[in-house]
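Colleague: output the structure for:
(one chain, ligands or ions: 1)
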Amino acid sequence: MQAAVIQRQYDDVISSQYDRDPQNTTGRTLDRAISHLQDEGLLDSLLPALRVLDVGMGTGMFLQKLREISPRPLEPSGLDISAQMASIARQKLPDLSVAIDDGANLHRHFHGEQFDLLATHFVTGFVPMKDLAPKIMDKLVPGGCWSFVGGTSTGYPELQRRAQHPLLKLLYGGHGPSLGGMICPENQEEVAGILTDAGFEISRLETFQPRLEFPDFDAFIEYGYHGGWLTPFIEEIGLHRARRWQRSLLNRLVFPVTDHHSIVLAVARRPR
Ligand SMILES: C[S@@+](CC[C@H](N)C(=O)[O-])C[C@H]1O[C@@H](n2cnc3c(N)ncnc32)[C@H](O)[C@@H]1O
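Modeller: Numbers count the residues shown, from 1 in each chain. The predicted model follows:
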């Protein structure tokens, strides 16, 4: 998926809705990530200010939560491809140091600065984790932490199964709608492999499977399209423009759906 398309979707479709966080999936996951960092002793009040860089910080949800909970003061920085997402983050965190760019260009920003904590949360579907890993290593102080959070392609098993219905395949041009390639990495093992290959020491690793309820097509669009979880996929097959008869067909064939996402959370350290 082209970075320019993703940028437009975040600027024009998602940014105004993002903080509604349908089903609290982002909020619940970020709370878990923060509790891992607490367990790692990163938020100890006796330590000097925590220099944190959030790559793909979006509306600043993580940094705001971290600031609210941390007895350790925060020096927040963030990089994002979407100026609209970043402007919401700036309102929440007036002292946020911001760069607007593709995460692939991380090495071109924050020259000469090093951080105690680097975060990449729900961005590795857009910027491959393998490309980010060495750039993140460079920006961390020895002993510094990478907080990784990423949806995996094993998420939404029930939606993926129902998308294979023969009528849906007919409706969407002979091939069933597929989430393949949109969400990555594949699983916890792949994340662990990339972290270890890049020289990180893994301190925490878990897969979180938040339950999701889609009572009908509209609830799915609120979550998947406006909420940002599946916007590229939905736009590609034109689901967001479904007509009334298509919506009622989908409500008969697919919904309601009870499903879950599958999200890997890791804390990895740069060796001292
Ligand atoms: C799903 S949101 C996650 C936001 C935030 N990390 C959070 O957990 O709430 C993905 C964010 O990544 C940004 N993004 C997408 N592609 C990017 C890229 N190539 N480089 C930098 N940021 C990107 C989007 O603009 C958006 O703000």
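Colleague: longest strand anywhere in this structure?
Modeller: Longest strand in the chain by number of residues (criterion: DSSP state E): strand 140-151.
Colleague: quick check: what element follows that strand along the chain?
Modeller: Following strand 140-151 in sequence order, the next helix or strand is helix 157-162 (DSSP states H and E).
Colleague: what is the mean pLDDT for the following helix or strand past that next one?
Modeller: Scanning forward in sequence from helix 157-162 by DSSP H and E, the next helix or strand is helix 166-171. Averaging pLDDT along helix 166-171 yields 78.
Colleague: same check on stretch 207-223?
Modeller: Stretch 207-223 comes out at a mean pLDDT of 97.
Colleague: T258 sits in which helix or strand?
Modeller: strand 257-260.
Colleague: packing partners for the longest strand of the chain?
Modeller: Strand 140-151 sits against helix 25-39, strand 115-121, helix 129-139, helix 188-197, strand 263-269, with contacts defined as 3 or more CB pairs under 8 Å, 6 or more residues apart in numbering; DSSP states H and E. Bear in mind the C-beta positions are built from the backbone N, C-alpha and C, glycine included.
Colleague: the last one packs against which elements?
Modeller: In other words, strand 263-269. Packing partners of strand 263-269 (3+ CB pairs under 8 Å, 6+ apart): helix 25-39, strand 140-151, helix 188-197, strand 201-208.
Colleague: hmm, back to that, as a markdown table, the helices and strands packed on strand 140-151 with mean pLDDT, distance to G151 and mean neighbour count would be great.
Modeller: Putting the helices and strands packed on strand 140-151 into a markdown table (pLDDT from 0 to 100; distance: least, CB to CB, whole Å; neighbours: other CB atoms under 10 Å) gives the following:
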| stretch | mean pLDDT | distance to G151 | mean neighbour count |
| --- | --- | --- | --- |
| helix 25-39 | 98 | 9 | 18 |
| strand 115-121 | 98 | 10 | 23 |
| helix 129-139 | 97 | 12 | 18 |
| helix 188-197 | 97 | 11 | 17 |
| strand 263-269 | 98 | 5 | 23 |
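Colleague: dump those to CSV, plus distance to the ligand.
Modeller: Output for the helices and strands packed on strand 140-151, formatted as CSV (distance: least, CB to the nearest ligand atom, whole Å):
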stretch, distance to the ligand
helix 25-39, 5
strand 115-121, 4
helix 129-139, 10
helix 188-197, 16
strand 263-269, 11
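Colleague: which one of these lies nearest to E222?
Modeller: Ranking the helices and strands packed on strand 140-151 by distance to E222, with CB to CB as the measure, places helix 25-39 first at 12.1 Å.
Colleague: quick check: angle from the closest one to strand 115-121?
Modeller: In terms of direction (axes from the mean of the first three to the mean of the last three CA atoms, to 10 degrees), helix 25-39 departs from strand 115-121 by 150 degrees.
Colleague: residues in contact with helix 25-39?
Modeller: 21, 43, 61-62, 65-66, 69, 117, 119, 121-122, 145, 147, 149, 204, 206, 208, 210, 212, 223, 229, 261, 263, 265, 267 (CB atoms under 8 Å, 6 or more residues apart in numbering).
Colleague: narrow those to those that are buried.
Modeller: Those of the contacts of helix 25-39 that meet the buried threshold are 21, 43, 61-62, 66, 117, 119, 121-122, 145, 147, 149, 204, 208, 210, 212, 223, 229, 261, 263, 265, 267, by 16 or more other CB atoms under 10 Å.
Colleague: spell out which residues of the stretch 151-272 of the chain are next to the ligand.
Modeller: G228 (CB under 6 Å from any ligand atom).
Colleague: all set now, cheers.
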